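Chemist: when you get a sec, could you give me coordinates for this:
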Amino acid sequence: MANTLDRPPAHRRSDFAEVAIATVAGLALAVTILYFFAVPVAGKLAANRDFLSYWATGLQLVHHRNPYDRDAIWAIEHAAGLDPRTVLIMRNPPWALPLAYPLGFLPLRFAGILWTLLLLACLLVSIRIVRELHGSPHGRIHWLAFAFTPAIICLTMGQTSLLALVGLVLFLRFHPRRPFAAGAALWLCALKPHLFLPFGAALVAWIVVSRSYRLLAGAASSVALTSAAAFLIDPTAWTDYARLMRSPSVENQFIPCLAGALRHWLRPHATWLQYLPAALACLWALVYFWHRRAHWDWLTSSSLLILVSLLATPYSWLYDQCLAIPALLHGAYATRSRKLLAILALLILAADIEICFVKITSPLFLWTTPVWLAWYLLARATAAKQPAPAPAPTPIASP
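Modeler: The predicted structure is shown next:
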């Protein structure tokens, strides 16, 4: 039997990529499993997660109180075990209130378990659909999505970014044949609309050019219905939400993203500066779409839009980058460089290790979004530069 040294170099690189992917995914899976075992055991674990803000909001709504009342939310969270120096406020638009409302009827621990299972289902469904959209290729490439640092943080903190992820993936799946359902799925993306600004600009342009008004109707209907439900639950929700977003504690908070860093390093009190990168990115997205409008494909073209949206968003946290999963899997499936796959695995491992020692509020995580974008561009470049296969030799007839 031939030993490993007899294998061709490409085979050895393939083995290294597979080992790197399996190692990173295995470590991430172990951490996640340990966490899920700890949730039912540690009674106060749910009180140390962002999920607590959704539960406290639901509790306020059940008792017909202001869900954006900072003092009331602080009292609920402090009683549940949160550090009294901290207060977590739900900043999703009011059409997200029907999502938090049922949580107010449940005990904190039970609600936390159900919420975590919901987010886990969103992650599993998203990865499965993305893989199917690319033809269910063989191999373990999709394991990288399970190990992706932002996705793990979403699960452990109970963040709604995974709901936005499944909304994006459902849109990619449904838009060719079920445009109304695809538009309705965008409501999940609207839970965090600031993460989709360039993507949304290109989407609006595409709807106008392709006259996909059924998709627009699906999106408008879902937002209108949930907004009406939010009004029935709390008639003053929009007024209270606007007051919260204009408060100094929100406007002056440093959020570790490139736009936030740009503002705080240049002119901390110039709020408009935080939205400048998003505005420029929206203009780029319109130009990007216009040059490709004749052969636009959302499955492939959305990847760069999402990565640029995450790069230029006015504010975001590390866990919001779970939206990059479809783009990174697209690049991983497209590239033929096993070395690039191994590099992606090592980058994810580096982020997984960093999160064990550095808080997500640290600017030390500013490297992640540019790196995901740079890696994707390299992956696409290697896919485009692959030489065409050599033609088969023409058989020579025997004399």
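
Chemist: and L88, helix, strand or coil?
Modeler: coil (DSSP: H, G, I helix; E, B strand; the rest coil).

Chemist: measure it to L82 for me?
Modeler: L88 sits 7 Å away from L82, going by CB to CB, to the nearest Å. C-beta coordinates here come from the backbone N, C-alpha and C atoms, glycine included.

Chemist: identify the contacts common to these two.
Modeler: L52 (CB atoms under 8 Å, 6 or more residues apart in numbering).

Chemist: now the helices for the stretch 51-200 of the chain?
Modeler: Secondary structure of the stretch 51-200 of the chain (DSSP state H, counting those that start in this stretch): helices at 51-62, 70-80, 97-100, 108-133, 143-147, 149-157, 161-174, 179-189, 197-210.

Chemist: which elements pack onto the second one?
Modeler: Using 3 or more CB pairs under 8 Å, 6 or more residues apart in numbering; DSSP states H and E as the contact criterion, the secondary-structure elements in contact with helix 70-80 are helix 51-62.

Chemist: picking that back up, what would the helices of the stretch 51-200 of the chain look like in CSV with mean pLDDT and distance to A332?
Modeler: Output for the helices of the stretch 51-200 of the chain, formatted as CSV (pLDDT from 0 to 100; distance: least, CB to CB, whole Å):
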stretch, mean pLDDT, distance to A332
helix 51-62, 93, 30
helix 70-80, 88, 39
helix 97-100, 94, 31
helix 108-133, 92, 10
helix 143-147, 84, 7
helix 149-157, 88, 15
helix 161-174, 96, 16
helix 179-189, 95, 23
helix 197-210, 95, 20
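
Chemist: how about the ones you listed, which one is nearest G331?
Modeler: helix 143-147 (10.6 Å; CB to CB).

Chemist: for that closest one, packing partners?
Modeler: helix 9-41, helix 108-133, helix 325-334, helix 338-355.

Chemist: and the longest one, average pLDDT?
Modeler: So that's helix 9-41. On average, the pLDDT along helix 9-41 is 58.

Chemist: contact partners of stretch 363-383?
Modeler: By CB under 8 Å, 6+ apart, stretch 363-383 touches 149-150, 256-258, 261, 303-304, 307-308, 310-311, 318, 321, 324, 327-328, 330-332, 334-337, 340, 343-344, 347, 351, 354, 358.

Chemist: buried ones only from those, please, as a ChimeraX command.
Modeler: In ChimeraX syntax, the buried subset of the contacts of stretch 363-383 is picked out as below (16 or more other CB atoms under 10 Å):
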select :149,150,256,257,258,303,304,307,308,310,311,318,321,324,327,328,330,331,332,334,335,337,340,343,344,347,351,354
